[in-house]
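> sequence? don't have it. structure:
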Ligand code: FES
């Protein structure tokens, strides 16, 4: 198309100069024309911030100011003085024979993928929620997929936060894990949510400077692993980072690197209320999305949380009235960081097959810590793998959330939540490595299930199969479930609706999409996002194990209850997302 043919008649020059401005609509685009300083300028009428009509703005000294939040734009090129507002689109103009012409579809200077990729980086650097929303939506609309922006965001997260891994990249990883369970529009919300949390975590933080790997990679793995654990034990971040980077540079497998990390993450029980192992597991999961080539920076970000962690063997609840740590040390081989006792049990169990019994499940949910620890040890000696045991303990931890009594203090939701996500993280970690150290994570989770026992007093009832077979249409039930999130205190009703959905043969995938939407339209915090992701992972595991539908849905009952306890929120992030979506689609927001 020639340049001339792209230009369309827009206004009389005489009229525009007399009025100073004019709003025109060309090819469906509302354009604000200005005559200023002897020049004709044209900009998108929608303020890139929140869509206020710029034709109603002020022009002075070459600056267009939007009156709503006072963002200023350089009138000739549209660049903003106020990055939170974003740049405004400008259009070329020409004057021919007293008539102003405008090109409403100028050629793009960059492809949409490049443009939005650049904007994503700006949004991260300056922690600009609107720019992040526009760019994540723009990238997915340009069919870039979530992995590329996720890799960019992870790189940013690890470079610009001296204190390393945090809730932001964990949220990003959790949401990437459930991406396939979401509606396309919610996939955009998920990416936006993950990226904005990373940007927020890094805002104002000191950058991170790497410790390099050793100049030799010729160190035996067991020695490297020993050095790494020793460094973490004495909270030596630099030494630990050099060991970890050396293990990766030496080309050790993902399973070996996982062994090294999860060994240190379980050398003391339940580090930082479980967050350290949770972070580590999510970091490995992130690498499944973006590729192992990012392993050195992504995993090195775990060092700070590892070396600064609080250790539960130093907490009174693990020492009084029962010395739970002593019970564990007896099994481990004399110390919390030992594994010789576990190795002996594993040897005893070699070649044997173990299946959990109903009595074993009951023991885990009981009030006898010695019986719990002995039961786990006996199971190992009978051939139970860490993966199998972690799965059984995760079921018990799920029950603690599903049966959380609403009369408890609100903050106690997080006590059962932490146990649940920790148990799930241990279970996920056992897929990566069969390191004997991970049995300790199973014991930690089981001890927490024991410590949380009073939070199921009285237990919220878990619906029995068929108890809520109302014959209602599953879609109606899902709508009702979403509605429970609009009102405070609908905890038990949310759980009941999930059970009704099962009883009425509802599609679990549709239920997950509904729960995902319910989560992402809220200003959901770190824990709620983690909770849903862990519930989806546990549901998938149970479904693959071919358990009955009611049992498989228990994690979804648990997370629906947890969500209902924390919703509704102000939904501010959703407002930004909606505005960004409409601006990207070229829609008018405030009427042109
Ligand atoms: S500054 Fe224009 S809409 Fe906010």
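Good, I have the coordinates. Because the structure is a prediction, the values reported are computed rather than measured.
> please list the residues of the chain that sit near the ligand.
By CB under 6 Å from any ligand atom, the residues of the chain that approach the ligand are 47, 49-50, 52, 66, 68-69, 71, 85. Backbone N, C-alpha and C define where each C-beta goes, glycine included.
> redo these as JSON lines? Include secondary structure, pLDDT and distance to residue 381.
Converted to JSON lines, the residues of the chain next to the ligand look like this (DSSP: H, G, I helix; E, B strand; the rest coil; pLDDT from 0 to 100; distance: CB to CB, whole Å):
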{"residue": "47", "secondary structure": "coil", "pLDDT": "95", "distance to residue 381": "69"}
{"residue": "49", "secondary structure": "coil", "pLDDT": "92", "distance to residue 381": "65"}
{"residue": "50", "secondary structure": "coil", "pLDDT": "90", "distance to residue 381": "64"}
{"residue": "52", "secondary structure": "coil", "pLDDT": "93", "distance to residue 381": "70"}
{"residue": "66", "secondary structure": "coil", "pLDDT": "97", "distance to residue 381": "71"}
{"residue": "68", "secondary structure": "coil", "pLDDT": "94", "distance to residue 381": "70"}
{"residue": "69", "secondary structure": "coil", "pLDDT": "95", "distance to residue 381": "67"}
{"residue": "71", "secondary structure": "coil", "pLDDT": "97", "distance to residue 381": "68"}
{"residue": "85", "secondary structure": "helix", "pLDDT": "91", "distance to residue 381": "65"}
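> buried ones among the residues you listed?
Using 16 or more other CB atoms under 10 Å as the burial test, the residues of the chain next to the ligand include 47, 49-50, 52, 66, 68, 71, 85 as buried.
> residues contacting residue 534?
Neighbour list for residue 534: 420-421, 424-425, 555, 559 [criterion: CB atoms under 8 Å, 6 or more residues apart in numbering].
> confirm it sits in a strand?
No: assignment of residue 534 by DSSP: H, G, I helix; E, B strand; the rest coil gives helix, placing it outside any strand.
> hey, where'd the helices end up in the stretch 1-150 of the chain?
In the stretch 1-150 of the chain, the segments counted as helices under DSSP state H, counting those that start in this stretch are 3-6, 13-19, 112-126, 129-141, 147-159.
> brain fart, the stretch 201-350 of the chain
Counting by DSSP H, counting those that start in this stretch, the stretch 201-350 of the chain has helices at residues 221-233, 237-249, 254-265, 275-290, 295-300, 303-307, 324-332, 340-349.
> pick out the residue in the stretch 151-300 of the chain sitting closest to the ligand.
residue 196 (18.3 Å; CB to the nearest ligand atom).
> got it, and the stretch 351-500 of the chain?
For the stretch 351-500 of the chain, CB to the nearest ligand atom, closest residue to the ligand: residue 486, 27.9 Å.
> in the contacts of residue 534, find the pair that's most separated.
425 and 559 (15.3 Å; CB to CB).
> so for the chain, the centremost residue is which one?
Centroid-nearest residue in the chain, with CA atoms, centre = their mean: residue 171, separated by 1.9 Å.
> is it in contact with residue 531, as I believe?
No: the pair residue 171 / residue 531 is not scored as a contact, 11.7 Å apart, by CB atoms under 8 Å.
> let's have the helices of the stretch 1-150 of the chain in CSV, adding mean neighbour count, distance to residue 521 and mean pLDDT.
Below are those laid out as CSV (neighbours: other CB atoms under 10 Å; distance: least, CB to CB, whole Å; pLDDT from 0 to 100):
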stretch, mean neighbour count, distance to residue 521, mean pLDDT
helix 3-6, 11, 40, 72
helix 13-19, 14, 43, 97
helix 112-126, 18, 21, 96
helix 129-141, 24, 13, 96
helix 147-159, 21, 21, 98
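> residue 319: which of those is closest?
Nearest of these (CB to CB): helix 147-159, 35.9 Å.
> remind me what that closest one packs against, helices and strands.
Secondary-structure packing of helix 147-159 (3 or more CB pairs under 8 Å, 6 or more residues apart in numbering; DSSP states H and E): helix 112-126, helix 129-141, helix 167-177, helix 184-202, helix 275-290, helix 295-300.
> would you mark the buried spots in stretch 401-408?
Buried-residue list, stretch 401-408, by 16+ other CB under 10 Å: 401-404.
> repeat for stretch 509-523
511-523.
> and these, which two are the farthest apart?
Taking CB to CB, no two of the buried residues of stretch 509-523 sit farther apart than 511 and 523, at 22.6 Å.
> quick one: furthest residue from the center of this structure?
Outermost in the chain, CA atoms, centre = their mean: residue 97 at 57.9 Å.
> quick check: it vs residue 104, distance?
Counting by CB to CB, to the nearest Å, the gap between residue 97 and residue 104 amounts to 20 Å.
> got it, and residue 167?
44 Å.
> ok so, going back, surely the residue of the stretch 151-300 of the chain closest to the ligand and residue 130 touch.
No: using CB under 8 Å, residue 196 is not in contact with residue 130, being 9.8 Å away.
> show me what contacts the spatially closest residue to residue 432 that is not a sequence neighbour?
Nearest non-adjacent residue to residue 432, counting by CB to CB, 6 or more residues apart in numbering: residue 258, 4.1 Å away. Contact partners of residue 258, counting by CB under 8 Å, 6+ apart, are 284, 429, 432-433, 435.
> now swap in residue 442 and tell me
Taking CB under 8 Å, 6+ apart, one finds 376, 386, 389-390, 393, 426 in contact with residue 442.
> same question for residue 125.
So residue 125 contacts residue 156 (CB under 8 Å, 6+ apart).
> re the thing from before, by neighbours, which of the contacts of residue 442 wins?
The member of the contacts of residue 442 surrounded by the most neighbours (other CB atoms under 10 Å) is residue 426, with 33 neighbours in all.
> need the nearest residue in space to it, chain neighbours excluded.
residue 441 (3.7 Å).
> check residue 348 too.
In space, residue 348 is closest to residue 381, 4.1 Å off (CB to CB, 6+ apart).
> show me what contacts the one you found?
By CB under 8 Å, 6+ apart, the neighbours of residue 381 are 345, 348-349.
> circling back to that earlier point, what about the residue nearest to residue 426, neighbour count?
29.
> the chain should start at 582 in everything you say after this.
Done: numbering now begins at 582, and the last item shifts to residue 1022.
> element containing it, please.
For residue 1022, the host element (DSSP states H and E) is helix 1019-1032.
> list the helices and strands whichever helix or strand comes after that helix packs on?
Counting by DSSP H and E, the next helix or strand C-terminal to helix 1019-1032 is helix 1055-1065. Packing partners of helix 1055-1065 (3+ CB pairs under 8 Å, 6+ apart): helix 1072-1084, helix 1089-1101, helix 1135-1147.
> okay, the angle between helix 1055-1065 and helix 1089-1101?
20 degrees (axes from the mean of the first three to the mean of the last three CA atoms, to 10 degrees).
> other residues contacting helix 1055-1065?
Residues contacting helix 1055-1065 (CB under 8 Å, 6+ apart): 1071, 1074-1075, 1078-1079, 1081-1082, 1085-1088, 1091-1092, 1095-1096, 1098-1099, 1141, 1145.
> what residues of it count as buried?
Buried, per 16+ other CB under 10 Å, within helix 1055-1065: 1055, 1058-1059, 1061-1063, 1065.
> would you mind getting the angle between it and helix 1072-1084?
Going by the same axes, to 10 degrees, helix 1055-1065 makes 170 degrees with helix 1072-1084.
> for helix 1055-1065, the distance to its chain's centre please.
24 Å (CA atoms, centre = their mean, to the nearest Å).
> alright, calling it a day.
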